[in-house]
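**Q** Pasting a predicted model and its sequence here:
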Amino acid sequence: MEELNRLIEAVAVLQAEQARIKADVAEIKADVKALMLKPARRWDSAAEKALLCLVSAVIAAVLSRIGLS
């Protein structure tokens with residue numbers, strides 16, 4: 001009976017440890033996803049700024065053609 005109680009306790013400890021590991025893995029996965037998105041956000045920002053410059057240049061060219069400078 002003593003061995004059965006120790007086995008039950010060991011399984012309970014393993015179950016608690018597995019739950020902690022599962023939570024840690026979920027946290028690590030979320031961190032990795034955030035890190036993977038960071039370069040994409042940088043490229044999006046750079047593309048947005050380039051497009052803004054292009055639109056500004058086109059507007060400036062149109063305004064100078066019609067005589068507004």
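**A** Looks like it arrived, so ask away. Residues are numbered from 1 along each chain as shown.
**Q** Using the three-state scheme, assign L68.
**A** Three states are possible here, and by DSSP: H, G, I helix; E, B strand; the rest coil the one that applies to L68 is coil.
**Q** Look up how far A57 lies from it.
**A** Distance, L68 to A57, using C-beta to C-beta, to the nearest Å: 15 Å. Where you see a C-beta, it was placed from the backbone N, CA and C, and this is true even at glycine.
**Q** now L51
**A** Taking C-beta to C-beta, one finds L51 at 11 Å from A57.
**Q** same question, E3
**A** Here the criterion is C-beta to C-beta. By it, E3 lies 81 Å from A57.
**Q** Then K38?
**A** As defined by C-beta to C-beta, K38 lies at a distance of 29 Å from A57.
**Q** One more: A23?
**A** As judged by C-beta to C-beta, A23 and A57 stand 52 Å apart.
**Q** which one of E3 and A57 has more residues nearby?
**A** Neighbour count, other C-beta atoms under 10 Å: between E3 and A57, A57 has more, with 10 against 7.
**Q** so which strand or helix has that one?
**A** Secondary structure from DSSP states H and E places A57 in helix 2-65.
**Q** tell me the average confidence for that helix?
**A** For helix 2-65, the per-residue pLDDT values average out at 91.
**Q** Work out which residue lies at the spatial centre of this structure.
**A** A34 (2.0 Å; C-alpha atoms, centre = their mean).
**Q** Quick check: that one vs Q15, distance?
**A** Per C-beta to C-beta, A34 is found 29 Å from Q15.
**Q** what do you get for D44?
**A** Looking at D44 against Q15, where the rule is C-beta to C-beta, the gap reads 43 Å.
**Q** Also I8?
**A** Plainly put, I8 is 11 Å away from Q15 if you go by C-beta to C-beta.
**Q** okay, now L14: neighbour count?
**A** Taking other C-beta under 10 Å as the neighbour definition, L14 ends up with a count of 10.
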